[in-house]
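# generate a structure from the sequence data that follows.
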Amino acid sequence: MCGGRGTRLDRGEKPLVPVCGTPMVERVADACADSAGIETTYAAVSPHAPDTADHVRETLGLPAVETPGEGYVADLDRALADPRLSPPLLTVVADLPLLTGGVLDAVCTRADGGSLAVCVPVSLKRDLGVSVDTRFDHGGRALAPTGCNVVSDDADSIMTSHDHRLAVNVNRPDDLAVAEARCD
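Numbering: from 1, shown residues only. This next block holds a predicted model:
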């Protein structure tokens, strides 16, 4: 998912903002390429990020899925309707620059073919110094979605991770500073 406006970060097209010298979308694409469980990576692009769309097609060589740029849910729905894609699908936002193939493999293994929403405790995000834009209560715990999910035809479940690589979602300048400080 790499077609958002990136207005909170205010650095141009957010997927192309570098973290430790590499655009975030490339870092996520590299994590997907390093994952043993991912067969093909597609980039969900929108009219709001035309340079990103060109970059993923021309530089990264990824097939693209055109989305309307009407928000995460609408864009995800459009991507999931693409006839080239079939469940189960791992969905990942382009602003999780610390991801690795191993982290994605752990998510896929935990999903075991079913749908899975990956979340982190709000307290972890606060401890790391990154923003919390969305939160919900689950069993008395405040959780934040990570933007990494598995979509399947099976029942939904929630995975709570304490891995900082899933918690550092770059939406604001302070989040970018945290990501820069934690590059491997």
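
# C-alpha only now, for contacts and for neighbours.
Noted.

# remind me, longest strand of the protein?
The residue-count maximum for a strand in the chain (DSSP state E) belongs to strand 141-151.

# by contact count, what packs against the next helix or strand after that strand?
Next helix or strand after strand 141-151 toward the C-terminus (DSSP states H and E): strand 156-160. If contacts are counted by 3 or more CA pairs under 8 Å, 6 or more residues apart in numbering; DSSP states H and E, strand 156-160 sits against strand 115-121.

# picking that back up, and the longest strand of the chain, which strands flank it?
Applying DSSP bridges to the sheet, strand 141-151 is found paired with strand 89-92 (antiparallel), strand 115-121 (antiparallel), strand 136-138 (antiparallel).

# let's have the ones you listed in a markdown table, adding distance to Arg172 and mean pLDDT.
Shown next, in a markdown table, are the strands paired with strand 141-151 (distance: least, CA to CA, whole Å; pLDDT from 0 to 100):
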| stretch | distance to Arg172 | mean pLDDT |
| --- | --- | --- |
| strand 89-92 | 18 | 94 |
| strand 115-121 | 18 | 95 |
| strand 136-138 | 20 | 87 |
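
# I'd like those laid out as a markdown table, including mean neighbour count and distance to Met24.
Shown next, in a markdown table, are the strands paired with strand 141-151 (neighbours: other CA atoms under 10 Å; distance: least, CA to CA, whole Å):
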| stretch | mean neighbour count | distance to Met24 |
| --- | --- | --- |
| strand 89-92 | 20 | 12 |
| strand 115-121 | 23 | 19 |
| strand 136-138 | 12 | 26 |
